[in-house]
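Undergrad: quick one, structure for this:
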Amino acid sequence: MNMSRKFIVLLALMLAASVIAMLLRPTQRISEAGEKVNLETMIPKKFGEWNAVENPTNQIVNPEQQKKIESLYTQILSRVYVNKVGEAIMLSIAYGEDQSDSKQLHYPEVCYPAQGFQITSSQQGDLSTQFGNIRVLRLHAEMGSRSEPLTYWSTVGNKVVRGSKEIKLQQLSYGFKGEIPDGLLFRVSSITEDKNEGYALQQRFVQSLIAGMTPSNRTRLAGL
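TA: All right, here's what the predicted structure looks like:
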């Protein structure tokens, strides 16, 4: 095979690969099918023993600068809830309609140090609810005298994913169907020196929240 013919064959293979890549590129956002996600209405301001406070004194850590938030997330919900005995939980949910490689959610392991915190511990776990377990990560963040244990999970589509490998596999499973998945990051935290006490309080909060939600919202929020 002479050089000119080799060049033509190579060019044809490159063009074919480009066409296949274009044909396989996901185009349909699953967020456009079915009921739209609205965090404000999806997450009640009052449930069980918990009530959202209007002007909280506790500071919810803002994970990104405003410009970055707008480029990554479709919606952000940040609230502080207090129960009858004055215990407080800080809630933050970031939702994105496009969970492709270029627009993945940013995680507390990155966001908290960017705000000046030190992550002193990290552990995987399961948060039990009456509808099943949620696979979570529990971190302990410190900055000066502030001790903040936190629990979080993330979803791609309607499945909780943990780690870059699971995220990529879930993205690919949608991509093969021509779909672009949505996703969210759910985080709860509290200010306490005793991190285990904080995790226990956060579990009670999530259990109560999940119990008061509709089945479809439970699925969107935690894959249950």
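Undergrad: in the sheet, who's paired with the residue nearest the centre of the chain?
TA: Central residue of the chain (Cα atoms, centre = their mean): Leu185, 1.5 Å from the mean position. Taking DSSP bridges as the rule, Leu185 bridges to Ala94, Ser154.
Undergrad: that one is in contact with Gln99, isn't it?
TA: No. Contact criterion Cβ atoms under 8 Å: Leu185 and Gln99 do not qualify, at 10.4 Å. Bear in mind the C-beta positions are built from the backbone N, C-alpha and C, glycine included.
Undergrad: what do those two both touch?
TA: Shared contacts of Leu185 and Gln99 (Cβ atoms under 8 Å, 6 or more residues apart in numbering): Leu105.
Undergrad: tell me what Asp126 is bridged to.
TA: Arg135.
Undergrad: residue contacts, the residue nearest to Ala211 when sequence neighbours are not counted?
TA: Closest residue in space to Ala211, ignoring its immediate chain neighbours: Gln130 at 6.3 Å, by Cβ to Cβ, 6 or more residues apart in numbering. Contacts for Gln130 (Cβ under 8 Å, 6+ apart) come out as Gln207, Ile210, Ala211.
Undergrad: kindly indicate which of the residues you listed lies nearest Leu172.
TA: Ile210 (28.5 Å; Cβ to Cβ).
Undergrad: element containing that closest one, please.
TA: Using DSSP states H and E, Ile210 sits in helix 195-211.
Undergrad: show me what whichever helix or strand comes after that helix is packed against.
TA: As assigned by DSSP H and E, the chain's next helix or strand after helix 195-211 is helix 215-222. When contacts are defined as 3 or more Cβ pairs under 8 Å, 6 or more residues apart in numbering; DSSP states H and E, helix 215-222 packs onto helix 39-42, strand 146-156, strand 183-189, helix 195-211.
Undergrad: distance from the chain centre to the second one, please.
TA: The reference is to strand 146-156. Its chain's C-alpha centre and that of strand 146-156 lie 10 Å apart, by Cα atoms, centre = their mean, to the nearest Å.
Undergrad: what's it packed up against?
TA: For strand 146-156, the packing partners by 3+ Cβ pairs under 8 Å, 6+ apart come out as strand 132-143, strand 159-161, helix 164-175, strand 183-189, helix 195-211, helix 215-222.
Undergrad: mind checking how far stretch 72-92 is from the chain centre?
TA: 15 Å.
Undergrad: let me redo that: stretch 131-146
TA: 13 Å.
Undergrad: same question, stretch 189-206
TA: Counting by Cα atoms, centre = their mean, stretch 189-206 comes out at 19 Å from the chain centroid.
Undergrad: any stretches of the chain with poor pLDDT?
TA: 1-27, 29-34, 56-71, 100-104 (pLDDT under 70).
Undergrad: wait, what's in contact with the residue nearest to the centre of the chain?
TA: With Cβ under 8 Å, 6+ apart, Leu185 has these contacts: Ile93, Ala94, Leu105, His106, Tyr107, Tyr152, Trp153, Ser154.
Undergrad: just Phe131 next, same as before
TA: Counting by Cβ under 8 Å, 6+ apart, Phe131 makes contact with Ile210, Arg218, Leu224.
Undergrad: that older thread, any idea how far the residue nearest to Ala211 is from Gly212?
TA: 11 Å (Cβ to Cβ, to the nearest Å).
Undergrad: do the same with Val156
TA: On the measure of Cβ to Cβ, Val156 and Gly212 end up 25 Å apart.
Undergrad: which residue of those two possesses the greater neighbour count?
TA: Val156 (24 against 15; other Cβ atoms under 10 Å).
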